[in-house]
Every structure is written in C-alpha cells, then in structure tokens.
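*Asks:* My questions concern the predicted model and sequence given below.
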Amino acid sequence: MTLSQVALYLKVTERTIYRLVAAKEIPAFKVGGSWRFSFADIDKWIREQSQLSLPEPERQK
C-alpha cells in the first residue's frame, strides 16, 4: 500500500502517517524514495493498537 492508501484506510491525514513512520510507530519500508506498507502488517498493527487500549484483564483473552 502507498502512504496515501494507508492514510485513507486509517482515515487520517498523510501528515499523520509521515509522523508515525518517522517515530517508527507504524510498520513501513521504503521502495526507492517512497514509503510502502504491507496490508497484513497494517492490520496486525491495528489489532496490536486495539489491545493496548484495553484494560489489563481484557488483554489476557
């Protein structure tokens, strides 16, 4: 996926995606000079972020 596709998918701005990439908070890799994202990695990242927002007892399930 491209940066703009990820931004649309997550319903955030491209600037937000750039910020997450710069902070190494979202899985990404470069092809040439462009950032690319694996759909599977982004979905896994979403699940992980969702788990982090749950109260501690819920995370064990």
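*Replies:* Yep, it's here. Predicted, not measured: the structure shown is a model, and the values here were computed from it.
*Asks:* tell me the SS of the spatially most central residue of the chain?
*Replies:* Geometric centre of the chain, nearest residue: Ile26, 4.0 Å, by Cα atoms, centre = their mean. Ile26 falls in the coil class when you classify it by DSSP: H, G, I helix; E, B strand; the rest coil.
*Asks:* so it makes contact with Tyr18?
*Replies:* No - using Cβ atoms under 8 Å, Ile26 is not in contact with Tyr18, being 10.0 Å away. To be clear about C-beta, it is placed using only N, CA and C from the backbone, and glycine gets the same treatment.
*Asks:* Do me a favour and average the pLDDT over stretch 33-50.
*Replies:* Averaging pLDDT along stretch 33-50 gives 95.
*Asks:* can you give me phi and psi for Ser50?
*Replies:* Dihedral angles phi and psi of Ser50 (degrees, to the nearest 10) take the values phi -60, psi -40.
*Asks:* gap between it and Asp43?
*Replies:* Ser50 sits 11 Å away from Asp43, going by Cβ to Cβ, to the nearest Å.
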